[in-house]
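Student: The following comprises the amino acid sequence and a computationally predicted model.
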Amino acid sequence: MLRFILRRILLILPVLIGMTIIMFVIARVLPGDPVGLAAGPNATRAEIEALAREFGLDQPLWVQYWTYLSGLVQGDFGTSLFSRRPVATDLAAYLPATLELVFSALLLAILVGIPAGLMAAVWRNKWPDYLSNILSVAAISMPRFFLGLLLQLCFAMWLMWLPLGGRFPIIFDPPPGVTGFYTIDSIIAGDWDSFWTALRYLALPAIAMSLSPLATILRMMRASTIEVMHQDYVTTARALGLSPRLIVFKYVLRNAISSSLTVIGLYFGWLLGGTVLVETVFDWPGIGLYATSAIVSQDFMPVVSVALVIGVLFVTANIVIDVLYGLINPKVRYQ
Amino acid sequence: MSTIDLKTLSRRSFLALSGAGLAAASFPQDLFAQSGRNILIIASTQDIPNYDPHTATGYSASFFLRNTYEPLVRVAGNPPEPVPGLAESWEVSEDGKTYTFALNPAAVFHDGSPVTAEDVVFSYQRALRLARGNSWMIRGIVEPEGVTAVDAHTVRFDLATPFAAFLQVIPWIFIASKAIAEANEGGDDSTTYLQANVAGSGPFKLRRAEAGALYQLQRADTAWQTGGGNLDGVIWQIVRESSTQRLMLQRGEVHISVDLTSEDMDALDGAPGVVRVIEPEYRTFSIKMNTEHGPMADINMRKAVAYAMNYQAMRDASGYAELMTGPLPNGILGHNPDLEVYRTDLDRAREHLAMTDTPEGGITLRMVHVNGLEQQRRWALIMLDSLQALNIQLDITPMNWPDMVAACQSPETFPDLFPVYQTANYGDPDNIAYAAYHSSRNGGWQNAVYHNPEADALIEAGRTEIDPARRVEIYGQLQELLVADCPDIFGVLEKRRLGMRDAVQGFAFTPVASNAIEAWPLSL
């Protein structure tokens, strides 16, 4: 297992280098004049050229790439052309917010989707199955930003239970930063009031993000549970007189969950790269908004760096999923 | 991290209240009232990524700098007039080339050290050295050696050339502490330090900055400014959706919203506790034409298009706006409200078209607009409809802003028609005239192609002339020349739209950078 993990980690390197090359080239061959834009409407041509020199954009592409890669090894993601802030500083500010949102959404999807999928399969063609079918089709068809607006309208405007947006009440300081996840940081600080408050702020965006993966996980879980329940060993277990509960939870669940794990891994990357709409609706200060504004203004370094970070996280998530396969299902052998 | 010192409502009790669901959704005014602190909350779509006083640009940075730094003079009133800032008084020589400012001896930086003439000299020289941010406003006017400290509290500017708008531009050049900047020089002229730290003498100092979320200022204990309101602090909160800003304003979660659309303003009409501020500002929205390349290089084609345009539809599509009368913003010094400008007249449009190489039309023009800017897209559709009367087709291309900036670099790449907003940074006709029509701006998006030596001469005469009556005369001639040349379809002046809770007191509208709210005079 350890060798497998090490080998996968080593295999990440060429993937990441390939990704930086592709992103680097695409970001620079796109038409447009980001330097002119960054220099401002009143900059002279000489000032625009000076800015290009300052950022090394007058150098050949391979020199620029090498400089970037050398910096990257030392943890330097470059500097934003527009804000002139180190990209690493921006990533440190925005990434935890997005990760907290994505992890929460995924956790919610798993905690609801897997039991619901199991229930739908066990009570196949009965009302829990029909209900889950209707709900999952509705959830997967609803655009996330629209769902976000509906949730705001219902829970923030009419019922006044939850906040409209943001991460924490703005007139108060967030919990002391350790992980950047407000919920976890407030637990670390032992501040339960802050924890519940952070959770209330997290609720609506996390629900808006979670419904699509929830529906997919539910349907996957239902399908694989039905398939597993038709396996010979389940029939044998039934014939032996084992209780339905024991059969479902001890023998069916473990085998059925493998296919949902694949979906969870894929959804992690999908959610990470697709937070921008929910972040916009709920003013969640995350990496999606940061990346979008960088893409629109062709701010090279943030674009490449965000892609790289998402790539690393996605690949890491897939390694974790692969490892979980082995833990859940001993039939899976890693060579 | 410490908590805010709330006197009557502790953070814990507030959060407990929030946890109980009583205040879960918002922070309404009654809670602020209970807190015993007057914290003004402003909702804006724009982040403040950089607050170096000499490199930052944009209205969000202007808000930050106006409140944490002090310029020599500030601008106030309608029409905008210079009022004392760091300088309590000033003198101008007869030839308009020498300005002498007497600094307020009470002025101190946030660390308690006095503001001296050396700090002023340092700040202007640094702004010119870095050549970024607002330094373009004084480029060619102030030379580094032209700023001298006469004594600790007197500073003299010997301008390279007379500049009538000098007192209108210096509110945007902020004074930083030389000692703090030099102590954090860092090999990059303090840019790394100052883009994330404050070395100013403004009435507020930075308390908390959370990139992409909020910037909190608190009243400086060293605040030396006189008068002022009762604010203990100000929060600039990033709220990216204007509709969310509106909802927050209605619920009392924010006190001022600076990015509302016309539709939002309509929705706020009659909303309890909300005051709408809808005022004309010097922000033009016109359609530039390619005077150098393609069919629009023919002045008769430009005039044909200008007469064919449906101006009423333009105005109607622009929400709270008024049609421009000529190239200068209505109401600014020298603006001629009686100027005879182009209005929809299809007969005259056809007359001018008949004098072109394509008297029957039958051509296709290209108009670009910024991707996502609905207003520009609407105008493109109005243009499409208007040109059909001349048998001219319109190819409408949405483009990303960097691509549009690149397209402005040469007449060959510049489209036939290009709608553009131009915001006046200072309340003087020189601002729009120079940026939009002087040939030195060619290649940039504000004036990509238009050049006319006669217009250049008038613009230069207007900026160096210090007699207001003579300036009115010069700008009168310039307006007539520009109408005759027809480089633009003069569009609309969009009114500034601010939404405000009625608890905000002391707000006075100034038609320059009015969304960069000055918090010092305000009370809650």
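Tutor: Alright, I've got the coordinates. Numbers count the residues shown, from 1 in each chain, chains lettered A, B, ... in the order given.
Student: Tell me where the stretch 101-250 of chain B has helices.
Tutor: B:117-130, B:166-169, B:178-183, B:191-194, B:242-251 (DSSP state H, counting those that start in this stretch).
Student: quick one: average pLDDT of the longest one?
Tutor: Looking back up the chat, that one is helix B:117-130. Mean per-residue pLDDT for helix B:117-130: 94.
Student: Repeat that for the fourth one.
Tutor: Looking at helix B:191-194 alone, the average pLDDT works out to 89.
Student: Identify the residues contacting the residue of the stretch 151-300 of chain B found nearest chain A.
Tutor: Per CB to the nearest CB, B:G212 is where the stretch 151-300 of chain B lies closest to chain A, at 3.7 Å. Glycine gets a C-beta too; all of them are placed from N, C-alpha and C. Neighbour list for B:G212: A:93-94, A:285-286, A:289-290, B:47, B:238 [criterion: CB atoms under 8 Å, 6 or more residues apart in numbering or on different chains].
Student: Of all these, the one with the weakest confidence?
Tutor: A:L289 (81).
Student: With neighbour count, distance to A:A43 and secondary structure as added columns, please give the contacts of B:G212 in a markdown table.
Tutor: A markdown table is the format used below for the contacts of B:G212 (neighbours: other CB atoms under 10 Å in any protein chain shown; distance: CB to CB, whole Å; DSSP: H, G, I helix; E, B strand; the rest coil):
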| residue | neighbour count | distance to A:A43 | secondary structure |
| --- | --- | --- | --- |
| A:A93 | 20 | 28 | helix |
| A:Y94 | 26 | 28 | helix |
| A:P285 | 24 | 29 | coil |
| A:G286 | 29 | 31 | coil |
| A:L289 | 23 | 26 | helix |
| A:Y290 | 30 | 24 | helix |
| B:D47 | 22 | 21 | coil |
| B:I238 | 21 | 26 | strand |
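Student: Which of those residues sits closest to B:V368?
Tutor: Of all those, B:V368 sits closest to A:L289, with 25.8 Å by CB to CB.
Student: Pull the contacting residues for A:R28.
Tutor: Contact analysis of A:R28 by CB under 8 Å, 6+ apart lists A:61, A:64, A:300.
Student: Quick check: A:I110 touching A:I217?
Tutor: Yes: A:I110 sits in contact with A:I217 when judged by CB atoms under 8 Å, with a separation of 6.5 Å.
Student: More neighbours: which of those two?
Tutor: Of the pair A:I110 and A:I217, A:I217 is the one with more neighbours under other CB atoms under 10 Å in any protein chain shown, namely 28 against 20.
Student: Give me the pLDDT value at the more buried one.
Tutor: 91.
Student: what's the helix or strand for it?
Tutor: In this assignment (DSSP states H and E), A:I217 forms part of helix A:192-229.
Student: Show me what that helix is packed up against.
Tutor: helix A:87-122, helix A:127-141, helix A:144-151, helix A:182-188, helix A:253-273, helix A:276-282, helix B:11-19 (3 or more CB pairs under 8 Å, 6 or more residues apart in numbering or on different chains; DSSP states H and E).
Student: Nearest to chain A: which residue in the stretch 251-400 of chain B?
Tutor: B:N400 (6.3 Å).
Student: For residue 161, give me the pLDDT.
Tutor: You didn't say which chain, so I picked chain A. For A:W161, pLDDT reads 84.
Student: my bad, the chain I had in mind was chain B
Tutor: pLDDT, B:T161: 89.
Student: Could I get the contacting residues of the residue lying closest to it once chain neighbours are set aside?
Tutor: Distances taken as CB to CB, 6 or more residues apart in numbering or on different chains put B:T464 closest to B:T161, at 5.6 Å, once the chain neighbours are dropped. If you count contacts by CB under 8 Å, 6+ apart, B:T464 has them with B:96, B:161-164.
Student: Of these, which is the most crowded?
Tutor: Using other CB under 10 Å as the neighbour criterion, B:F163 leads those with 25 neighbours.
Student: Next, the contact list for that one, please.
Tutor: Contacts of B:F163 (CB under 8 Å, 6+ apart): B:96, B:141, B:169, B:463-464.
Student: neighbours around the residue lying closest to B:R129 once chain neighbours are set aside, how many?
Tutor: Excluding the flanking residues, the one nearest B:R129 by CB to CB, 6+ apart is B:D189, at 6.7 Å. Look at B:D189: counted by other CB under 10 Å, it has 17 neighbours.
Student: Pull the most distant pair out of the contacts of B:T464.
Tutor: B:T161 and B:A164, at 10.5 Å, using CB to CB across the contacts of B:T464.
Student: Give me the residues contacting stretch A:220-235.
Tutor: If you take CB under 8 Å, 6+ apart as the criterion, stretch A:220-235 is touched by A:113-114, A:116-118, A:120-122, A:124, A:129, A:132, A:247, A:251-253, A:255-260, A:263.
Student: Make a PyMOL selection of the buried ones in those.
Tutor: The buried residues among the contacts of stretch A:220-235 can be selected in PyMOL (16 or more other CB atoms under 10 Å in any protein chain shown) with this line:
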select buried, chain A and resi 113+114+116+117+118+120+121+122+129+132+247+251+252+253+255+256+257+258+259+260+263
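Student: part of a strand, is B:Y421?
Tutor: Yes: per DSSP: H, G, I helix; E, B strand; the rest coil, B:Y421 lies within a strand segment.
Student: State the phi and psi torsions of B:M309.
Tutor: Dihedral pair for B:M309: phi -60, psi 140, per degrees, to the nearest 10.
Student: could you say which helix or strand contains B:Y99?
Tutor: Applying DSSP H and E, one finds B:Y99 within strand B:98-103.
Student: Please put the alpha-carbon coordinates of that strand into PDB.
Tutor: C-alpha atoms of strand B:98-103 as PDB (Å, rounded to 0.1, in the frame of the first residue of the first chain):
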ATOM      1  CA  THR B  98       3.700  78.700  -8.100                       C
ATOM      2  CA  TYR B  99       1.500  77.300  -5.300                       C
ATOM      3  CA  THR B 100       2.500  77.700  -1.700                       C
ATOM      4  CA  PHE B 101       0.700  75.600   0.900                       C
ATOM      5  CA  ALA B 102       0.700  76.300   4.600                       C
ATOM      6  CA  LEU B 103       0.300  73.000   6.400                       C
END
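Student: and that strand, which strands flank it?
Tutor: Looking at strand B:98-103 with DSSP bridges, its partner strands are strand B:87-92 (antiparallel), strand B:154-158 (antiparallel).
Student: Dump these to JSON lines, plus mean neighbour count and mean pLDDT.
Tutor: JSON lines is the format used below for the strands paired with strand B:98-103 (neighbours: other CB atoms under 10 Å in any protein chain shown; pLDDT from 0 to 100):
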{"stretch": "strand B:87-92", "mean neighbour count": "16", "mean pLDDT": "94"}
{"stretch": "strand B:154-158", "mean neighbour count": "20", "mean pLDDT": "95"}
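Student: just checking, what packs against the strand ranked longest in chain B?
Tutor: Looking across chain B with DSSP state E, the single longest strand is strand B:274-289. For strand B:274-289, the elements it packs on are helix B:262-268, helix B:374-387, strand B:417-423, helix B:429-437, strand B:488-501, judged by 3+ CB pairs under 8 Å, 6+ apart.
Student: could you give the angle of the third one to helix B:374-387?
Tutor: An angle of 140 degrees separates the directions of strand B:417-423 and helix B:374-387 when computed by axes from the mean of the first three to the mean of the last three CA atoms, to 10 degrees.
Student: Pull the distance from strand B:417-423 to the chain's centre.
Tutor: Taking CA atoms, centre = their mean, to the nearest Å, one finds strand B:417-423 lying 14 Å from the centre of the chain it belongs to.
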